[in-house]
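*Asks:* one predicted model, sequence on top.
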Amino acid sequence: MEPASAALTPVGRELNGKIPFREFRHPGEVTSLEQAAAERGQRPEQIVRSILFRLMQDDYLMVLVAGPRQVDWKALRRYVGQSRLTMASADEVREVTGYEIGAVSPFALPRPVRVMVDESVTQEEELSIGSGVRNTTVILRSADLLRALGDVERVSLTQS
């Protein structure tokens, strides 16, 4: 049974009625990927990190990567055709996504952002993603995540 939409996070409200998911609220502050995974009954590889990059002033893209994987900067620069890019600052993340770092998601954004999904995300059957609220996550199947994202760029941009 889905909870009343008023009780859902911003991401839960956007996904409600579109794909199956559940929300999980941590009992306290989350301080590491390993802690988050353990409390969710998952492995770190099942946690999707939504990382925002700044290409140029007011031009951003989000890369979804699995848990401990790291974006290969050289591969990302080559893929987007730019020699310079940076990770967005905490203020930029808040301004562009409306979320705090640790709660970022590709859903329920205040404005369109280009989203890329690294192949590492599709290797797990069940995932958890940011919900828009710190210490709360949305747990769903990877196939449902991809369906909800729609026509998104699938890329290979990470190293172990």
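*Replies:* Noted; the coordinates are in hand.
*Asks:* going by C-alpha atoms from here, please, whenever you check contacts or count neighbours.
*Replies:* Noted.
*Asks:* tell me the secondary structure for the closest residue to residue 77 other than its chain neighbours?
*Replies:* Counting by C-alpha to C-alpha, 6 or more residues apart in numbering, residue 77 lies nearest to residue 83, which is 5.7 Å off, once chain neighbours are set aside. Under DSSP: H, G, I helix; E, B strand; the rest coil, residue 83 falls in the coil class.
*Asks:* please tell me how far residue 83 sits from residue 73.
*Replies:* According to C-alpha to C-alpha, to the nearest Å, residue 83 stands 10 Å off from residue 73.
*Asks:* who has more neighbours, the two?
*Replies:* Under the neighbour definition other C-alpha atoms under 10 Å, residue 83 and residue 73 were set side by side, and residue 73 has more, 16 against 11.
*Asks:* what sits closest to that one if chain neighbours are left out?
*Replies:* Of all residues not flanking residue 73 in the chain, residue 157 sits nearest, at 7.9 Å (C-alpha to C-alpha, 6+ apart).
*Asks:* and residue 108, by the same measure?
*Replies:* residue 11 (5.6 Å).
*Asks:* what sits against that neighbour?
*Replies:* 105, 107, 108, 130, 131, 132, 138 (C-alpha atoms under 8 Å, 6 or more residues apart in numbering).
*Asks:* from those, which land in strands?
*Replies:* Residues of the contacts of residue 11 located in strands (DSSP state E): 130, 138.
*Asks:* want to throw the contacts of residue 11 into CSV with neighbour count, pLDDT and distance to residue 95?
*Replies:* Shown next, in CSV, are the contacts of residue 11 (neighbours: other C-alpha atoms under 10 Å; pLDDT from 0 to 100; distance: C-alpha to C-alpha, whole Å):
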residue, neighbour count, pLDDT, distance to residue 95
105, 28, 97, 13
107, 21, 97, 15
108, 20, 96, 13
130, 29, 96, 16
131, 28, 97, 16
132, 26, 96, 13
138, 23, 97, 22
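*Asks:* pull out the buried residues from the helix or strand hosting residue 79.
*Replies:* Using DSSP states H and E, residue 79 sits within helix 73-80. By 16 or more other C-alpha atoms under 10 Å, the buried positions in helix 73-80 come out as 73, 76.
*Asks:* the helix or strand following that helix - contacts with which helices or strands?
*Replies:* Using DSSP H and E, the next helix or strand after helix 73-80 towards the C-terminus is strand 86-87. Under the contact criterion of 3 or more C-alpha pairs under 8 Å, 6 or more residues apart in numbering; DSSP states H and E, strand 86-87 touches strand 48-56.
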